[in-house]
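[1] using only what follows, build the 3D model:
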Amino acid sequence: MAHNGILFFDELPHFSKNVLEALREPMEDRHIRISRVNAKVTYDANFLFVAAMNPCPCGNLFSKTIACRCTDLEMSRYRSRLSDPFLDRIDLYVQMHPTAAEDKSSYSSHQFHSKVRTAFEHQKKRGQKTLNGSLDDSELEHYCVLNEEGQKVIDQAINRFSLSFRAVSRVLKVARTVADIEGVENIQKEHLMEALSYRKR
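    Predicted structure coming up:
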């Protein structure tokens, strides 16, 4: 039902293991296959997956005013509900912190919209048939070319964080998008560093 739309999971770790693991195929292949005794059916499932979770079971780990009540064991059990193969399929991790009344964004909604539109236009001008997040391996090799410095950054990240081939592909796609947002034709070191900062490590 979320095909061509957004699939949002709130309180992510509280979904059953079977549900989360079943998401791995559509998140990777953009299809979901249902097998029964007499038939197999394939549905398109090209959705944007968005999820939210607390930093700990009580939700106060990052609070400046309320003390966290969770033990190390409770936090370990909470986080272990999400498997590494599942997490590996998520491109961006953003850690949110409590905000104060005086906190204001440096960009307006209109400015954000303009940046996203600019990135979209860059992708179209390159002749891409799909958006950066849906590039296959051959397209990735064509549109995400790295210079010597960029390749060195990726090699170091692979060794330091034990990145899988899937994770490297996703880092390149995010770096390509960061470069597009900034209006830069070629992926630079700083784009890769920003993309790596969004990975779950």
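[2] any idea how far residue 82 lies from residue 26?
    Shown here: residue 82 relative to residue 26, a distance of 17 Å by C-beta to C-beta, to the nearest Å. (C-beta placed from N, C-alpha, C; glycine too.)
[3] compare these two and say which is more crowded by neighbours.
    residue 26 (21 against 18; other C-beta atoms under 10 Å).
[4] excluding chain neighbours, what is closest to the more buried one?
    Closest residue to residue 26 apart from its sequence neighbours, by C-beta to C-beta, 6 or more residues apart in numbering: residue 45 at 3.9 Å.
[5] measure that neighbour to residue 85 for me?
    Remark: distance between residue 45 and residue 85 (C-beta to C-beta) = 18 Å.
[6] spatially central residue (nearest the centroid) of this structure, please.
    Residue closest to the mean C-alpha point of the chain, counted by C-alpha atoms, centre = their mean, is residue 91 at 1.8 Å.
[7] the closest residue to residue 166 other than its chain neighbours: how many residues sit nearby?
    In space, and not counting its chain neighbours, residue 166 is closest to residue 88: 5.7 Å by C-beta to C-beta, 6+ apart. Other residues within reach of residue 88, judged by other C-beta under 10 Å, total 17.
[8] residue 88 is in contact with residue 167, isn't it?
    Yes. Residue 88 lies in contact with residue 167 (C-beta atoms under 8 Å); the separation is 5.7 Å.
[9] once you drop chain neighbours, what's closest to residue 137?
    Using C-beta to C-beta, 6+ apart, the closest residue to residue 137 is residue 169 (7.3 Å).
[10] per-residue pLDDT, that neighbour?
    According to the prediction, residue 169 has pLDDT 94.
[11] and it, which of the three is it?
    For residue 169, the assignment made with DSSP: H, G, I helix; E, B strand; the rest coil gives helix.
[12] pull out the buried residues from the helix-or-strand element of the chain with minimal mean pLDDT.
    Lowest on mean pLDDT, DSSP states H and E among the helices and strands of the chain sits strand 31-35, with a mean of 89. By 16 or more other C-beta atoms under 10 Å, the buried positions in strand 31-35 come out as residue 32.
[13] let's have the chain start at 19 instead
    Sure, I'll start counting at 19 from here, so that last one is strand 49-53.
[14] now what about the helix or strand following it, what contacts it?
    Using DSSP states H and E, the helix or strand that follows strand 49-53 in sequence is strand 58-62. Strand 58-62 is contacted by residues 21, 48-52 when judged by C-beta atoms under 8 Å, 6 or more residues apart in numbering.
[15] next, the angle from strand 58-62 to strand 49-53.
    Angle of strand 58-62 versus strand 49-53, following axes from the mean of the first three to the mean of the last three C-alpha atoms, to 10 degrees, is 160 degrees.
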